[in-house]
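Participant: Structure for the following, please:
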Amino acid sequence: MIDFYDEAGCVLLVDKPLNWTSFDVVNKIRYSGKFKKVGHAGTLDPLATGLLILCVGKKTKSIDSFQAQEKEYTGQMLLGKTTPSVDLETEFNSDFPTDHITDELLFEAKSKLTGMITQTPPAHSAVKINGKRAYESARIGETPKMKEREVMVMEFDIDTQKFPEISFRIKCSKGTYIRSIVRDFGTLLNSGACLTELRRTKIGDFRVENASDVLVLANQINQVRENLS
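Facilitator: Residues are numbered from 1 along each chain as shown. Now for the predicted structure:
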């Protein structure tokens, strides 16, 4: 049993549910334990699920080290359609042909997005530009100027059995935007693509299989707190 109230703090693994923000999870755990300090290592979008590392108390000093570790994701993308947010947060805005896409084209696109690559974060992202989150500008129709960044994609596997739906697994460095990979994948295919499902399965040696449901964890913390009071 994790000692939630150890002076050294603790690290909690949560399986973030769909439609929750990472901040929602932090708030739930902070409120349940009446903790003064809770932070998370690596934001997940509301439409993504999976592993979220929470640091409580003095363990918040370790957040940067957790964020720097490699991450692994699984998910699905849909070829031939795009959305402004590159996921299902926004409505489809364009249709593209997919009949021309061959296995060779898929392999070439995947290869170009593996290794050290340069990508531009989505406009609908939490990147700060002049002190303002990019998504705040994008949601009111503005076009924030996003800076390119170098990231490392160690592994990029795809399954095309349900084409034009593509299942994938990606292992990547800190700062990699999976939506950017999906967007660029569609462009390289002379088509379009949007993310329809995303799940973070690993951060370093931490696995989502060892993570707790946020409501179950919050209840456990609350019970421990009540027993100590």
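
Participant: sec struct for the residue nearest the centre of the chain, please.
Facilitator: Nearest to the mean C-alpha position of the chain, counting by Cα atoms, centre = their mean, stands Leu44 at 3.8 Å. Three-state call for Leu44 (DSSP: H, G, I helix; E, B strand; the rest coil): coil.

Participant: Would you check that it makes contact with Gly50?
Facilitator: Yes: using Cβ atoms under 8 Å as the test, Leu44 is close enough to Gly50 to be in contact (6.6 Å). C-beta here means a position set from N, CA and C on the backbone, and glycine is covered the same way.

Participant: any shared contact partners between the two?
Facilitator: Here Leu44 and Gly50 have Lys16, Arg200 as joint contacts, going by Cβ atoms under 8 Å, 6 or more residues apart in numbering.

Participant: quick one: the residue nearest to the centre of the chain from Lys202, how far?
Facilitator: Distance, Leu44 to Lys202, by Cβ to Cβ, to the nearest Å: 13 Å.

Participant: One more: Gly39?
Facilitator: Taking Cβ to Cβ, one finds Gly39 at 20 Å from Lys202.

Participant: Next: Tyr177.
Facilitator: Plainly put, Tyr177 is 17 Å away from Lys202 if you go by Cβ to Cβ.

Participant: With neighbour numbers in mind, choose between these two.
Facilitator: Each of Tyr177 and Lys202 has its neighbours counted (other Cβ atoms under 10 Å); Tyr177 has more, 21 against 18.

Participant: Correct me if wrong: the more buried one contacts Ala123.
Facilitator: No: under the criterion of Cβ under 8 Å, Tyr177 makes no contact with Ala123, lying 11.1 Å away.

Participant: Can you name the residues that contact the closest residue to Glu89 other than its chain neighbours?
Facilitator: Using Cβ to Cβ, 6 or more residues apart in numbering and skipping residues adjacent in sequence, the residue nearest Glu89 is Leu47, 6.0 Å away. Applying Cβ under 8 Å, 6+ apart, we find Leu47 in contact with Leu18, Asn19, Asp87, Leu88, Glu89, Leu195, Leu198.

Participant: Per-residue confidence, Leu47, what does it come out as?
Facilitator: pLDDT recorded at Leu47 is 94.

Participant: Repeat that for Phe163.
Facilitator: So, for Phe163, pLDDT stands at 97.
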